[in-house]
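K.L.:
give the three-dimensional model of this entry:
(2 chains)
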Amino acid sequence: MDFHAIHDHLKAVGAPGLEGADEPRPEDKKAKDKGRFGDPFLIVDPQQLRQFLHVCRDDPKLKFEIAADLTATDPAKDDENLWINVQLLSVTHRHRLAIKCLLPKSAPSLPTTVPVYRTCQWHEREAAEMYGITFVGHPDPRNILLPDDWVGHPLRKDYEFPEEYHGISCK
Amino acid sequence: MTQPAEQHGSMTLSEGKQTPGGEREFMLDVRTSDLEVNMGPQHPATHGVMRVLIRCDGELVTGAQPHLGYLHRCAEKIGENVEWLQYLPYTDRYDYLAAMNNNLGYSMAVEKLMECEIPRRAELIRMICAELNRIGSHLIAFGTYGIDLGAFTPFLYMFREREWMMALFEKICGARLTYSYIRIGGVFNDAPPGWFSEVERFCDVFDKAWQEYYDLLAVNQIFVKRTADVGVISPEMAFDFGATGPMLRGSGIDFDLRRDMPYSLYGEAYAAGAFQVPIGKGEMGTLGDCWDRVWVRAVEMAESVKIVRWCLDQVEPGPVIADIPKTLRIPPGEAYVGIENPRGELGHYVVSDGGKIAVRCRVRGPSFVNLAVLEELLPGTFLADAVAIIGSTDIVVGETDR
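P.N.:
Coordinates of the predicted model:
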């Protein structure tokens, strides 16, 4: 199925948390719009992401067996939201789906998706340490790539590089 | 580096807890405790700097916890601080055994935003390089797996062909391991005179050598006994843990991104009957065991040679890079591209705001994802099999940590 068919199907089955879709558009010089390129994606409420993924995985017409990726993005320093980006892959139907959730930086917390896809366990640990996101109900919320005592969330745009770490100068 | 973990097994016969088998009863008086053993960070079987904390009860593994991050080099943060093209050399350095494939994945993600057309000759050279690199990577995976299990000799034979493959890359781009050859818009330069005919000779020699390796290692009885029925990943488990590549095909699932979601010219090559996708069948034991995964890698090498031959037939003179500016300004938007790396799906998720530098440069490394299955797979196996299982996941630690 292509993106439109997947979107229509999810609307028809009433997938929880589905808020809309964002599609690429060409550049419009008259309206001074630079356009948007790349992949279309669905916008989903982060608090209902787990239920939404459940539908995506179990619906016989979608069958997204594999969560290829779950990550976060900090679009800009002054942006008030973080993004959660999920990439799904269906082996049976050979299609993909990109999902984006807008998560306010003031309260970066959402329920974990590990009960749906166990592969998300490590992806969520990485997103948590890099962006300071809390995945409520995560079975093993430790740092994965960073040391346990690391201060700050390195992939945030307002991250300040440390001057020293355990007596080692970082300058 | 061992330490006693929580005490258990202190029950005695006087407590009235008896095992059904009478011959084990004398054991109940022995005080035993679980041992926590650090496998790594410098264990040869981890193929890099990784530590698996294994808890074992005698020879039986009761728990395993991989600890990563020893090779973390902030690739994603660097991606947000250097220009689009400047990031390309960093892609070489996460999966250093398949650098051509990494270059290809990153370039394709950026090209998706640029919507630029790649010349046909460039696509063919890209495919030749990616497949030769896949052969080299699988040779290492296959060979070092033999070392892990005590067979040193096959590895030395495999390095003979790998050396030639690296010499071919040295001729085309000057580097042996970190190529940065596949660029955004095409490839860096054209192949030198005589390069294609040397690749053809390599293919001829490799076909014969491949049969040697296969007979020497894959169907060797000792090797089969160490790997068959060990570390079985069921198809459901493979899906749940997001396994891709040979890990997924070893579990009997017929899925290859090159065929099923074709990129570059792989769709055309498959339609022309240039290659097949090998999937595990449980020939030597259970479906999804270590032997199946290794067998899939071994047969994939032979299929890669066929793809290279198909490309060599198609090559025609022409430009090798699209007309793109020196300083790239990528149109705003976001794109995810997943390609079939030797280890599975290598995903690049890039976000641009229209400037010279990426807003986000996410790398989905297949090793990172495939490794997570260890926590589930190791408990309940024997300690000696732990090495066989870790080796069969074929991880590159540079990629798990990035």
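
K.L.:
pretty sure residue B:118 sits in a helix.
P.N.:
No - under DSSP: H, G, I helix; E, B strand; the rest coil, residue B:118 sits outside any helix and is assigned coil.

K.L.:
that one: how many residues sit nearby?
P.N.:
By other CB atoms under 10 Å in any protein chain shown, 21 other residues sit near residue B:118. C-beta: built from backbone N, CA, C; applies to glycine.

K.L.:
I'd guessed it sits against residue B:185; true?
P.N.:
Yes - counting by CB atoms under 8 Å, residue B:185 is a contact partner of residue B:118 at 6.8 Å.

K.L.:
need the overlap of contacts for those two.
P.N.:
The overlap between the contact sets of residue B:118 and residue B:185 (CB atoms under 8 Å, 6 or more residues apart in numbering or on different chains) consists of B:111, B:322.

K.L.:
so what's the residue most central in space within chain B closest to, chain neighbours aside?
P.N.:
Compute the mean C-alpha point of chain B, and by CA atoms, centre = their mean the closest residue is residue B:343, 2.3 Å away. Nearest residue to residue B:343, sequence neighbours excluded (CB to CB, 6 or more residues apart in numbering or on different chains): residue B:366, at 4.2 Å.

K.L.:
OK, contacts around that neighbour?
P.N.:
So residue B:366 contacts B:244, B:245, B:341, B:343, B:344, B:345, B:346, B:399 (CB under 8 Å, 6+ apart).

K.L.:
just those: which are in helices?
P.N.:
residue B:399 (DSSP state H).

K.L.:
any idea which of the contacts of residue B:366 is closest to chain A?
P.N.:
Nearest to chain A among the contacts of residue B:366: residue B:345, at 6.0 Å, using CB to the nearest CB.

K.L.:
can you count the residues close to the closest one?
P.N.:
Residue B:345 is flanked by 28 other residues according to other CB under 10 Å.

K.L.:
which residues does it form a beta bridge with?
P.N.:
Residue B:345 forms beta bridges with residue B:340, as assigned by DSSP bridges.

K.L.:
what's the spacing between it and residue A:35?
P.N.:
From residue B:345 across to residue A:35, the span is 28 Å (CB to CB, to the nearest Å).

K.L.:
what about the residue of the stretch 151-300 of chain B found nearest chain A, which SS state?
P.N.:
Using CB to the nearest CB, the closest approach of the stretch 151-300 of chain B to chain A is made by residue B:242 at 3.1 Å. Classification of residue B:242 using three-state DSSP returns coil.

K.L.:
ok, now which ones touch the residue lying closest to it once chain neighbours are set aside?
P.N.:
When the adjacent residues along the chain are set aside, residue B:242 lies closest to residue A:119, with 3.1 Å between them (CB to CB, 6+ apart). Taking CB under 8 Å, 6+ apart, we find residue A:119 in contact with A:66, A:67, B:240, B:241, B:242, B:369, B:372.

K.L.:
of the residues you listed, which is the nearest to residue A:49?
P.N.:
Nearest to residue A:49 among the contacts of residue A:119: residue A:67, at 11.1 Å, using CB to CB.

K.L.:
where does the closest residue in space to that closest one that isn't next to it in sequence land in three-state SS?
P.N.:
Residue nearest to residue A:67 in three dimensions, not counting chain neighbours: residue A:117, with 3.9 Å by CB to CB, 6+ apart. Assigned by three-state DSSP, the conformation of residue A:117 is coil.

K.L.:
what about residue A:117, how many residues nearby?
P.N.:
The number of residues packed near residue A:117 is 26, by other CB under 10 Å.

K.L.:
next: residue B:317.
P.N.:
Neighbour tally, residue B:317, other CB under 10 Å: 7.

K.L.:
show the contacting residues for it.
P.N.:
Counting by CB under 8 Å, 6+ apart, residue B:317 has contacts residue B:121.

K.L.:
is it in a helix, a strand, or coil?
P.N.:
coil.

K.L.:
next one: residue B:78
P.N.:
helix.

K.L.:
how near is it to chain A?
P.N.:
Using CB to the nearest CB, to the nearest Å, we find residue B:78 at a distance of 11 Å from chain A.

K.L.:
can you tell me, leaving aside adjacent residues, what's nearest to that residue?
P.N.:
The shortest distance from residue B:78 to any residue other than its chain neighbours is 5.6 Å, reached at residue B:90 (CB to CB, 6+ apart).

K.L.:
report the longest helix in chain A, please.
P.N.:
Secondary structure of chain A per DSSP H: the longest helix is helix A:120-131.

K.L.:
that helix close to chain B?
P.N.:
Yes - Helix A:120-131 comes into contact with chain B (CB under 8 Å from any CB of the partner chain), by way of A:121, A:122, A:130.

K.L.:
re earlier: looking at the contacts of residue A:119, spot the one nearest residue B:361.
P.N.:
When the contacts of residue A:119 are compared for distance to residue B:361 (CB to CB), residue B:369 wins out at 17.9 Å.

K.L.:
and residue 135, its phi and psi?
P.N.:
In the absence of a named chain, chain A is used. With angles defined as degrees, to the nearest 10, residue A:135 sits at phi -100, psi 100.

K.L.:
how many neighbouring residues does it have?
P.N.:
If you count neighbours by other CB under 10 Å, residue A:135 ends up with 23.

K.L.:
how near is residue A:171 to chain B?
P.N.:
Distance from residue A:171 to chain B, by CB to the nearest CB: 16 Å.

K.L.:
is that residue in contact with residue A:162, as I believe?
P.N.:
No - assessed by CB under 8 Å, residue A:171 is found out of contact with residue A:162, at 9.7 Å.

K.L.:
do you know the pLDDT at residue 45?
P.N.:
Going with chain A. In this model, residue A:45 is scored at 90, pLDDT.

K.L.:
please refer instead to chain B.
P.N.:
pLDDT, residue B:45: 69.

K.L.:
picking up where we left off before, from the residues of helix A:120-131 next to chain B, which single one is nearest chain B?
P.N.:
Closest to chain B, out of all of these and judged by CB to the nearest CB, is residue A:122, at 4.9 Å.

K.L.:
so how far is residue B:330 from that closest one?
P.N.:
According to CB to CB, residue A:122 stands 29 Å off from residue B:330.

K.L.:
can you check residue B:397 too?
P.N.:
Counting by CB to CB - residue B:397 and residue B:330 are separated by 30 Å.

K.L.:
what about the closest residue to residue B:248 other than its chain neighbours, distance to residue B:255?
P.N.:
Counting by CB to CB, 6+ apart, the nearest residue to residue B:248 once its immediate chain neighbours are dropped is residue B:238, at 5.2 Å. From residue B:238 across to residue B:255, the span is 10 Å (CB to CB).

K.L.:
what residues are shared contacts of these two?
P.N.:
Each of residue B:248 lies in contact with both residue B:238 and residue B:255 under the rule CB under 8 Å, 6+ apart.

K.L.:
how about the residues of the stretch 301-402 of chain B by chain A?
P.N.:
With CB under 8 Å from any CB as the criterion, the stretch 301-402 of chain B meets chain A at residues B:331-336, B:338, B:345, B:347, B:349, B:351-354, B:359-360, B:362, B:364, B:368-369, B:372, B:376, B:401-402.

K.L.:
in helices, which of the residues you listed fall?
P.N.:
Those of these lying in helices (DSSP H): B:368, B:369, B:376, B:401.

K.L.:
now do the contacts for the first one.
P.N.:
Read that as residue B:368. A:122, B:68, B:399, B:400, B:401, B:402.

K.L.:
with distance to residue A:95 added, can I get these in JSON lines?
P.N.:
As requested, the contacts of residue B:368 are arranged in JSON lines below (distance: CB to CB, whole Å):
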{"residue": "A:122", "distance to residue A:95": "24"}
{"residue": "B:68", "distance to residue A:95": "31"}
{"residue": "B:399", "distance to residue A:95": "26"}
{"residue": "B:400", "distance to residue A:95": "28"}
{"residue": "B:401", "distance to residue A:95": "31"}
{"residue": "B:402", "distance to residue A:95": "27"}
